[in-house]
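Novice: Build me a model from this:
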Amino acid sequence: MSRPTDALARSLGYEFQDPTLLDAAVTHRSAGSGNNERLEFLGDAVLGHVVAQWLFNACPQASEGQLSRLRASLVKRETLADIARGLDLGDYLRLGSGELKSGGFRRDSILADALEAIFGGILLDGGFERCRACIHRLYAGRLESLSAADERKDPKTRLQEYLQSRKLALPVYTMTRVSGKAHHQQFVVECRIDALECASSGSGTSRRKAEQSAALGMLERLGA
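Specialist: Here you go, the predicted model:
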């Protein structure tokens, strides 16, 4: 049995003029009609906009690629679910019997979708500025702790620090192919981490660029 949403509204720091919007936001599609899917669509869009604008202003030296990676880390499912758990959002979810039995109130995807739906509900209920204020409150700690400087480090440095923090040996870079004429060569390098039994390859117009490309591929493969 879900809890009344009054306490959730207090945790959000936002009082709904139309409480039915909050009720809809915490209603999963398994519970029937009047669910949160449309509000989730709206909330996803406004969250992306608010976070992008904050990063643009807060990280003036970051490139487009760096800003995109930072935004992705803030709006991904795991981050949203973590914020939702901080609000005890699972206690307020309205789920169908199947989702209740399978523990849907603990599932990252359901928690993340409901939080986005809440943002959509606040946007409709109070407008953009009040929605942005709520997002900033909930994200304050994460936004402040983000380091654009870390994102500006090159992939080889980031991979090295990632491995060292886990007490793993550094990667080995091996040239596997050089093609093209002397003035327009293409290098292919393999990056291998023996301890993890994984490898990635990258290419570039110099060995250094190829190594950076291979390191970036490895970071992506490791989810780092």
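Novice: Give me the contacts around the helix or strand that contains A210.
Specialist: In this assignment (DSSP states H and E), A210 forms part of helix 207-222. The list of residues contacting helix 207-222 from outside it, by C-beta atoms under 8 Å, 6 or more residues apart in numbering, reads 154-156, 158-159, 162, 171, 173, 175, 187-191, 193, 196, 198-204. To be clear about C-beta, it is placed using only N, CA and C from the backbone, and glycine gets the same treatment.
Novice: Around the residue lying closest to D88 once chain neighbours are set aside, how many other residues sit close by?
Specialist: Residue nearest to D88 in three dimensions, not counting chain neighbours: S11, with 7.3 Å by C-beta to C-beta, 6 or more residues apart in numbering. By the criterion of other C-beta atoms under 10 Å, S11 has 14 neighbours.
Novice: Could you double-check that S11 sits in contact with L87?
Specialist: Yes. Counting by C-beta atoms under 8 Å, S11 sits close enough to L87 to count as a contact (4.9 Å).
Novice: and the residue nearest the centre of the chain, what are its phi and psi?
Specialist: With distances taken as C-alpha atoms, centre = their mean, K76 lies nearest the centre of the chain, 2.4 Å away. Backbone geometry at K76, expressed as degrees, to the nearest 10, gives phi -70, psi 160.
Novice: Quick check: it vs R85, distance?
Specialist: Taken as C-beta to C-beta, to the nearest Å, the spacing of K76 relative to R85 amounts to 15 Å.
Novice: okay, now T79: neighbour count?
Specialist: With neighbours defined by other C-beta under 10 Å, the count for T79 comes to 17.
Novice: just H183 next, same as before
Specialist: With other C-beta under 10 Å as criterion, H183 counts 5.
Novice: same deal with G120?
Specialist: Counted with other C-beta under 10 Å, residues neighbouring G120 total 25.
Novice: Enumerate the positions of whichever strand or helix holds it that are buried.
Specialist: Assigned by DSSP H and E, G120 belongs to helix 108-126. With burial defined by 16 or more other C-beta atoms under 10 Å, the residues of helix 108-126 counted as buried are 108, 110-126.
Novice: And for stretch 92-105?
Specialist: 92-95, 99-100, 104-105.
Novice: What about those residues, which are in helices?
Specialist: Secondary structure assignment (DSSP state H) places 99-100 from the buried residues of stretch 92-105 within helices.
Novice: if we take the buried residues of stretch 92-105, which one ends up nearest to D44?
Specialist: When the buried residues of stretch 92-105 are compared for distance to D44 (C-beta to C-beta), L93 comes out closest, at 17.8 Å.
Novice: who touches stretch 19-28?
Specialist: Defining contact as C-beta under 8 Å, 6+ apart, one finds that stretch 19-28 is touched by 2, 5, 8-9, 16, 34-36, 39, 43, 89, 92-96, 99, 104, 110, 113-114, 117-118, 120-122, 124-125.
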